[in-house]
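J.: Would you be able to build a 3D model of this:
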Amino acid sequence: MESFFSLLQKNVLNRQPWATREDLRIAIVTWIERTYHRRRRQDSLGRLTPIEFETIMTAPATQAA
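T.: Below is the predicted model of the structure:
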């Protein structure tokens with residue numbers, strides 16, 4: 001959990017001064033959804049990132065079609 005907050009601090013919070021809390025909230029949510037979750041290895045996906053898992057799962061589906 002500490003590494004998550006460290007990355008959040010480095011990649012979002014310290015990048016610029018934020019005019020409003022809403023701007024900061026949007027930046028945090030965007031970073032989590034676009035960057036953090038796409039790169040983080042997940043136990044439920046066999047320690048693959050979501051992008052790696054999707055690549056593996058769509059290749060057999062494409063071949064079957």
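
J.: Nearest residue to W31 in space, please, no chain neighbours.
T.: In space, W31 comes closest to V12 once its chain neighbours are excluded; the distance is 4.9 Å by C-beta to C-beta, 6 or more residues apart in numbering. The way it works is simple: take the backbone N, C-alpha and C, and place the C-beta from them, glycine included.

J.: hang on, that neighbour packs against I28?
T.: Yes. Counting by C-beta atoms under 8 Å, V12 touches I28, with 5.6 Å between them.

J.: Which one's more surrounded, these two?
T.: Legend: neighbour count by other C-beta atoms under 10 Å for V12 and I28, higher for V12 (19 against 16).

J.: so N11 sits right up against R34, yeah?
T.: No. Here N11 does not reach R34: they are 10.9 Å apart, not a contact under C-beta under 8 Å.

J.: Settle it for me: which of those two has more neighbours?
T.: Of the pair N11 and R34, N11 is the one with more neighbours under other C-beta under 10 Å, namely 14 against 10.

J.: quick one: low-confidence parts of the protein?
T.: 1, 60-65 (pLDDT under 70).

J.: so what's the residue nearest to W31 up against?
T.: V12 sits next to 24, 27-28, 31 when contact means C-beta atoms under 8 Å, 6 or more residues apart in numbering.

J.: That one - that's part of a helix, no?
T.: Yes. Counting by DSSP: H, G, I helix; E, B strand; the rest coil, V12 falls inside a helix.

J.: Fine by me, we can end here.
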